[in-house]
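Peer 1: need the 3D shape of this:
(chains A and B)
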Amino acid sequence: SQKIEQNSEALNIQEGKTATLTCNYTNYSPAYLQWYRQDPGRGPVFLLLIRENEKEKRKERLKVTFDTTLKQSLFHITASQPADSATYLCALAMNRDDKIIFGKGTRLHILP
Amino acid sequence: GAVVSQHPSRVICKSGTSVKIECRSLDFQATTMFWYRQFPKKSLMLMATSNEGSKATYEQGVEKDKFLINHASLTLSTLTVTSAHPEDSSFYICSARDVPRIEQFFGPGTRLTVL
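Peer 2: Sure, this is the predicted structure:
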């Protein structure tokens, strides 16, 4: 079955620097890969979706890459701010009608 | 757009009672809604997928008689935890999908504590 691996250790980044989070998956490449943000005690918030035929997607300070050869997605936050501190979840859907599988998430701390 | 509300946000109940959680899509029609539970520092665990007007599809290991799901309209799904026990204490989160969009929009979650 498909497995998603996100760095379980917290990531500490100095304010202003670029934070890069990694999502690796096993088996077949999904048709859709998504990133969500979750704050403590809150539901996840959708950030970005990238399709298997797309290499990169950007939204303001966020950038997502999708490498089907490496079976990996990278999530970048440029000019990071303390308000970016949260847990970031990677999620995969094998096709449009399939359920989404979530990774455990990586906690990001932006240090002032 | 794409706002999902959930009510209540917190509930504390005695063991043996039933608790109903509502999930509403406020500005779109959700043909499909999902129910998750999440334990501290763990990933989201899908419990069931709910399609409007039909029976919910439960994930393996989730008791359908324990967790009753009703998706009566395109904007409302409910989860009822029947005869709740302390081990049912968890963070329950619903999400809704605005087909044909792929992404899901999540509610703020409900913290259930069973004493």
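Peer 1: ok, the closest residue to chain B within chain A - how many residues close by?
Peer 2: The minimum distance from chain A to chain B, using C-beta to the nearest C-beta, falls at residue A:43 (3.5 Å). (Glycine included, C-beta is placed from N, CA and C.) Residue A:43 has 24 neighbouring residues, counting by other C-beta atoms under 10 Å in any protein chain shown.
Peer 1: repeat for residue A:98
Peer 2: A count of nearby residues for residue A:98, using other C-beta under 10 Å, gives 14.
Peer 1: likewise residue A:78?
Peer 2: When neighbours are counted by other C-beta under 10 Å, residue A:78 comes out with 14.
Peer 1: who's in contact with it?
Peer 2: Residue A:78 sits next to A:18, A:61, A:62, A:63 when contact means C-beta atoms under 8 Å, 6 or more residues apart in numbering or on different chains.
Peer 1: switch to 6 Å and redo it
Peer 2: Contact analysis of residue A:78 by C-beta atoms under 6 Å, 6 or more residues apart in numbering or on different chains lists A:18, A:61.
Peer 1: could I get the pLDDT score of the residue of chain A closest to chain B?
Peer 2: According to the prediction, residue A:43 has pLDDT 94.
Peer 1: flag the shaky bits of chain B, pLDDT-wise.
Peer 2: B:1 (pLDDT under 70).
Peer 1: coming back round to it: which residue, other than its chain neighbours, is closest to the residue of chain A closest to chain B?
Peer 2: Among residues not flanking residue A:43 along the chain, residue B:106 sits closest, at 3.5 Å (C-beta to C-beta, 6 or more residues apart in numbering or on different chains).
Peer 1: do the same with residue B:75
Peer 2: Once flanking residues are discounted, residue B:75 sits nearest to residue B:25: 4.9 Å by C-beta to C-beta, 6+ apart.
Peer 1: what are the buried residues along the host helix or strand of residue B:50?
Peer 2: Using DSSP states H and E, residue B:50 sits in strand B:45-51. Going by neighbour count (16 or more other C-beta atoms under 10 Å in any protein chain shown), the buried part of strand B:45-51 is B:45, B:46, B:47, B:48, B:49, B:50.
Peer 1: also stretch B:73-81?
Peer 2: The neighbour-count check on stretch B:73-81 (16+ other C-beta under 10 Å) flags B:74, B:75, B:76, B:77, B:78, B:79, B:81 as buried.
Peer 1: residues contacting residue 102?
Peer 2: Looking at chain A here, since you left the chain open. Neighbouring residues of residue A:102 by C-beta under 6 Å, 6+ apart: A:89, A:91, B:43, B:44.
Peer 1: um, chain B though
Peer 2: Counting by C-beta under 6 Å, 6+ apart, residue B:102 has contacts A:32, A:49.
Peer 1: any idea whether it is helix, strand or coil?
Peer 2: Three-state assignment for residue B:102 (DSSP: H, G, I helix; E, B strand; the rest coil): coil.
Peer 1: determine which two of the contacts of residue A:102 are furthest apart.
Peer 2: By the measure C-beta to C-beta, A:91 and B:43 form the most distant pair in the contacts of residue A:102, at 9.7 Å.
Peer 1: more neighbours: the two, which one.
Peer 2: A direct count of neighbours by other C-beta under 10 Å for residue A:91 and residue B:43 places residue A:91 higher, at 25 against 17.
Peer 1: what number of residues lie near the closest residue to residue B:97 other than its chain neighbours?
Peer 2: Distances taken as C-beta to C-beta, 6+ apart place residue B:32 nearest to residue B:97, at 4.6 Å, with adjacent residues excluded. Residues lying near residue B:32 (other C-beta under 10 Å) number 19.
Peer 1: thank you, goodbye.
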